[in-house]
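# all I have is the shape, not the residue letters:
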């Protein structure tokens, strides 16, 4: 029987230290195949490339490890991983470790979580990992400990079909870490979002910026609260946007009026 | 008191006939401001532009109507609409009418629904409209009737905070239309996804393609089922990916093992 197969992707490009921290831990759990975008792809969400052809570059292939890059988005990469790079279905998909938070509503903008949600659509268990430090030289010591614990638990218990985990890790040393909390996604919004500048010939341009406005008022069952307590947050997520309570309300609407 | 303000965007670019069909109907309901990407943006999902500056181009501005384009994604456009183009909060956001279905899991790849979900994050009522015909010269006669009915109902009843509607419209003549159905998102996956070709010097490249694999086996409360019956589907959606049943299951996991 072949050893477990783990497919890994990310959205920070092939050289990100978060990616290589994830690969390092994953290798203890089975064969590892990496398929990633060849450039940084932060904020690419679940986008796919429909108007241009894609190419796959083989960087390294040995018996228990392979590394390929793709000239597309993170979701393109994982799709090409499933469909073209691998000859068997992976047992689990890991994404990250992202340099920067994907907690709360940031999940919707995240290429890291795009990968995990795409795996969930394929009914393959998936985990996206993110560290609350966006710097290229962030310290992934605690992250590697958390990856190991979460991966062990998922391999032991499994996940329901169509479910992925959004794991965010506080930027603290292991001795200040307070454990792992399963919670729900914080609701809120990114506000005050653009900085206006002028180019040398006087035309306006805009940089996206802004701050997160938390609409939860400190609710203790949310991922932002867990992270504020130096805990890692795990939100089980599903690629289904349906709001079932609204269905019940709207069934009484009369659209013929 | 000022007339109602409607903000409109899409993901098929400023010249799409679906966009202009939507504008035509919306003008009967209030002032209209259009802010759209300057090129087609299908498949851009909820992606945002973080590494490049954005520009806004004013195409037309009169007392009750304005039209601006943005050199970014659909979500960039609606964010710049909120933050820079408009001086007041719109009463409602409309997106589309998309040329092609955004039913079932296609919502996660859709720039049209990216716009609507971004508005929902801002707690502004929003509706994304899509016609099940991707051709540039698709017939929007029925679509305009459906837009009018749904918009009237939403303005009458309102939506809960953080909710948007994903409205898909069958590609049939009005006389064959069977009405409007509120339903849930069909689960499934896009499979068999790439066509492999070789360029003139023998290197492989890949076009994204594929077919939708419906995992619902004809469940009658889903959007794909309603559309198969020549009905328009409305799925109320929320930008919250949390799977609450998994939270209950996972609370018994022991991550310290």
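Done, it's in. Just so you know, these numbers come straight off a predicted model, no measurement behind them.
# show the residue spans covered by the strands in chain A.
Taking DSSP state E, the strands of chain A run over residues A:5-9, A:31-37, A:56-61, A:65-70, A:92-99, A:126-131, A:164-169, A:180-182, A:188-191, A:194-198, A:204-208, A:211-214, A:232-237.
# CSV please, covering those and showing distance to chain B.
C-beta: built from backbone N, CA, C; applies to glycine. Below are the strands of chain A laid out as CSV (distance: least, CB to the nearest CB, whole Å):
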stretch, distance to chain B
strand A:5-9, 15
strand A:31-37, 12
strand A:56-61, 7
strand A:65-70, 9
strand A:92-99, 13
strand A:126-131, 11
strand A:164-169, 7
strand A:180-182, 4
strand A:188-191, 5
strand A:194-198, 5
strand A:204-208, 4
strand A:211-214, 10
strand A:232-237, 3
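# pipe those into TSV and attach mean neighbour count and mean pLDDT per row.
TSV is the format used below for the strands of chain A (neighbours: other CB atoms under 10 Å in any protein chain shown; pLDDT from 0 to 100):
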stretch	mean neighbour count	mean pLDDT
strand A:5-9	25	98
strand A:31-37	24	98
strand A:56-61	12	97
strand A:65-70	20	98
strand A:92-99	29	98
strand A:126-131	28	98
strand A:164-169	29	98
strand A:180-182	21	97
strand A:188-191	18	92
strand A:194-198	13	94
strand A:204-208	17	95
strand A:211-214	14	93
strand A:232-237	28	98
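# now those strands in a markdown table, with distance to residue B:90?
Converted to a markdown table, the strands of chain A look like this (distance: least, CB to CB, whole Å):
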| stretch | distance to residue B:90 |
| --- | --- |
| strand A:5-9 | 37 |
| strand A:31-37 | 35 |
| strand A:56-61 | 43 |
| strand A:65-70 | 38 |
| strand A:92-99 | 33 |
| strand A:126-131 | 32 |
| strand A:164-169 | 30 |
| strand A:180-182 | 37 |
| strand A:188-191 | 15 |
| strand A:194-198 | 17 |
| strand A:204-208 | 19 |
| strand A:211-214 | 18 |
| strand A:232-237 | 29 |
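# count of residues packed around residue A:202?
Using other CB atoms under 10 Å in any protein chain shown, residue A:202 is surrounded by 6 other residues.
# next one: residue A:178
Residues within reach of residue A:178, counting by other CB under 10 Å, total 12.
# got it, and residue A:150?
Quick note: residue A:150 (other CB under 10 Å) scores 21 neighbours.
# for chain B, see how far away it is.
For residue A:150, the distance to chain B equals 7 Å [CB to the nearest CB, to the nearest Å].
# again with residue A:162
Taking CB to the nearest CB, one finds residue A:162 at 6 Å from chain B.
# thought residue A:214 was touching residue A:188?
Yes: the pair residue A:214 / residue A:188 is scored as a contact, 4.5 Å apart, by CB atoms under 8 Å.
# which residues do the two both contact?
Residues touching both residue A:214 and residue A:188 by CB atoms under 8 Å, 6 or more residues apart in numbering or on different chains: A:104, A:224.
# hang on, residue A:184 packs against residue A:233?
No: with contacts counted by CB under 8 Å, residue A:184 stays clear of residue A:233, the gap being 9.4 Å.
# which residues are in contact with each of these two?
Residues touching both residue A:184 and residue A:233 by CB under 8 Å, 6+ apart: residue A:223.
# now residue A:218, nearest residue through space, not along the chain?
residue A:225 (6.3 Å; CB to CB, 6 or more residues apart in numbering or on different chains).
# ok, that neighbour - how many residues close by?
Neighbour number of residue A:225 under other CB under 10 Å is 19.
# next one: residue A:23
Count around residue A:23 with other CB under 10 Å applied: 18.
# and it, how far from residue A:29?
Distance, residue A:23 to residue A:29, using CB to CB, to the nearest Å: 11 Å.
# show me where chain A dips below the pLDDT cut-off.
Applying pLDDT under 70 to chain A flags the ranges A:1, A:256-257.
# tell me which stretches of it form helices.
Along chain A, counting by DSSP state H, helices occupy A:17-26, A:74-80, A:111-121, A:141-157, A:223-228, A:244-250.
# residue A:170: which of these is closest?
Nearest to residue A:170 among the helices of chain A is helix A:223-228; the distance by CB to CB comes to 5.3 Å.
# against which helices or strands is that closest one packed?
Under the contact criterion of 3 or more CB pairs under 8 Å, 6 or more residues apart in numbering or on different chains; DSSP states H and E, helix A:223-228 touches strand A:164-169, strand A:232-237.
# paired strands for the first one, with orientation please.
Right, strand A:164-169. With DSSP bridges as the test, strand A:164-169 is paired with strand A:126-131 (parallel), strand A:232-237 (antiparallel).
# format these as JSON lines; extra columns: distance to residue A:252.
Shown next, in JSON lines, are the strands paired with strand A:164-169 (distance: least, CB to CB, whole Å):
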{"stretch": "strand A:126-131", "distance to residue A:252": "38"}
{"stretch": "strand A:232-237", "distance to residue A:252": "30"}
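# and of those strands, who's closest to residue B:76?
Once the strands paired with strand A:164-169 are compared by CB to CB, strand A:126-131 is nearest, at 22.3 Å.
# number of residues surrounding residue A:192?
Per other CB under 10 Å, the neighbour tally for residue A:192 reads 10.
# find the nearest non-adjacent residue to it, please.
That would be residue A:210: by CB to CB, 6+ apart, it lies 5.0 Å from residue A:192.
# ditto for residue A:129
residue A:96 (3.7 Å).
# same deal with residue A:65?
residue A:32 (5.3 Å).
# quick one on the thing from earlier: relative to residue B:172, how far out is the residue nearest to residue A:192?
For residue A:210, the distance to residue B:172 - CB to CB - is 43 Å.
# which of the two has more neighbours?
Looking at residue A:210 and residue B:172 with other CB under 10 Å, you find the greater number of neighbours at residue B:172, namely 18 against 14.
# quick one, what contacts the more buried one?
B:142, B:230.
# around chain B, which positions in the stretch 1-150 of chain A sit nearby?
With CB under 8 Å from any CB of the partner chain as the criterion, the stretch 1-150 of chain A comes near chain B at residues A:40, A:42-51, A:53-56, A:73, A:75-76, A:79-80, A:82-84, A:105, A:107-109, A:114, A:117, A:121-123, A:149-150.
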